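1. Give me the fold of what follows.
(one chain, ligands or ions: 1)
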Amino acid sequence: MKKILLLLTLAAIFVFTSISTVLAQDTPFKSYSFTKKKASAQWSARKTYVIGKNRRLGLFNNRNKRYPSQTVLSISNLPDGKSVDVKLDVIFVGSWDNEGKLADRFTVTVLNGPIVLDMRKFPCTLIDSDDTKPLNNNGFVQVGERDRAYWIKPLSFEISPDLIKNNELKLEFKGYLTGRKTEFWAIDNVQIFVN
Ligand SMILES: [Ca+2]
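-> Numbers count the residues shown, from 1 in each chain. Prediction:
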C-alpha cells in the first residue's frame, strides 16, 4: 500500500512539473495580434489592414509614400540577463524577388544595434512571372485596384541578453523593396518570450 501511495505521489509530482514547464514555455511575455484598426502604442507605425480573415500590421512599402516603410516595436520591463525569443508571421504580398536587379530584402534590427534577421529569399513564386498565377500562396488581398497574392511565413529569432539595455528592447522591422505598387508586407501574431 505504501508503495502505491509513493508511486501515486511521484506520478502527481511528475504531471505537475510537466504542466508547469509547458506553461512557462507557452506563455509569451508580450503578444500582438492586431485585431483593431490601430495597433497599440508600443508600435511606431500602427495602421492595420485586413488580409485574409485577419487584420495585420501593415501594409508597408519603403518606395511608396502612401505607406510607412518600417515599424519599431518598443518592449520595456524585460528582466535582466535573459535572452528573448521572437516569433511572428510575415505576410509577403505581391511579387517579391530573390535575385537580380529587382531583388528585395526584409530585416529585423535591434535599434542602434545589429541586424537579427536578414531575409533575401521569399516564397512569392509566380508562374511565368504572371501576377494571376501564384504558386502555394495563402490567398489574395486587394491592394489599390488589384488583387495580389500573399504568402504567410512564420519566422523566429533569438535576441541575446547583452542587446537588452535598461530592461528595454527596440526592434525595427523593415522591407527594402524594388516595386512601388507590386510588393508590400505586413506582420501578425508577434510573440515575445523571455527565456
Ligand atoms: Ca522586387
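2. downstream neighbour of the least confident helix or strand in the chain by mean pLDDT in the secondary structure list?
-> The weakest-scoring helix or strand in the chain, judged by mean pLDDT, DSSP states H and E, is helix 2-26 (a mean of 60). Following helix 2-26 in sequence order, the next helix or strand is strand 30-32 (DSSP states H and E).
3. Okay, buried residues for the longest strand along the chain please.
-> Using DSSP state E to define each element, the chain has its longest strand at strand 146-159. For strand 146-159, a neighbour-count test (16 or more other CB atoms under 10 Å) marks R148, A149, Y150, W151, I152, K153, I159 as buried. No exception for glycine: its C-beta is placed from N, CA and C like everyone else's.
4. Could you figure out how far the helix or strand following that strand is turned away from strand 146-159?
-> Using DSSP H and E, the next helix or strand after strand 146-159 towards the C-terminus is strand 169-176. In terms of direction (axes from the mean of the first three to the mean of the last three CA atoms, to 10 degrees), strand 169-176 departs from strand 146-159 by 140 degrees.
5. And the helix or strand just after strand 169-176, how far out from the chain middle?
-> Next along the chain after strand 169-176, taking DSSP H and E as the criterion, comes strand 183-194. With CA atoms, centre = their mean, to the nearest Å as the basis, strand 183-194 stands 2 Å off its chain's centre.
6. From here on, call the first residue 816.
-> Sure, I'll start counting at 816 from here, so that last one is strand 998-1009.
7. what packs against strand 998-1009?
-> strand 845-847, strand 869-875, strand 885-890, strand 899-909, strand 984-991 (3 or more CB pairs under 8 Å, 6 or more residues apart in numbering; DSSP states H and E).
8. That one pairs with which strands, and in what direction?
-> strand 845-847 (antiparallel), strand 869-875 (antiparallel), strand 899-909 (antiparallel) (DSSP bridges).
9. Send me that strand as PDB with only the CA atoms.
-> C-alpha atoms of strand 998-1009 as PDB (Å, rounded to 0.1, in the frame of the first residue of the first chain):
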ATOM      1  CA  GLU A 998       5.300  44.500 -53.400                       C
ATOM      2  CA  PHE A 999       4.100  45.000 -49.900                       C
ATOM      3  CA  TRP A1000       4.400  43.400 -46.500                       C
ATOM      4  CA  ALA A1001       2.600  43.100 -43.200                       C
ATOM      5  CA  ILE A1002       3.200  41.300 -39.900                       C
ATOM      6  CA  ASP A1003       1.000  39.400 -37.500                       C
ATOM      7  CA  ASN A1004       1.000  37.200 -34.300                       C
ATOM      8  CA  VAL A1005       4.100  38.800 -32.900                       C
ATOM      9  CA  GLN A1006       5.100  36.900 -29.700                       C
ATOM     10  CA  ILE A1007       7.900  37.800 -27.300                       C
ATOM     11  CA  PHE A1008       9.200  35.000 -25.000                       C
ATOM     12  CA  VAL A1009      11.600  35.500 -22.100                       C
END
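10. State the mean pLDDT of it.
-> In this model, strand 998-1009 has a mean pLDDT of 98.
11. Same check on stretch 870-880?
-> 98.
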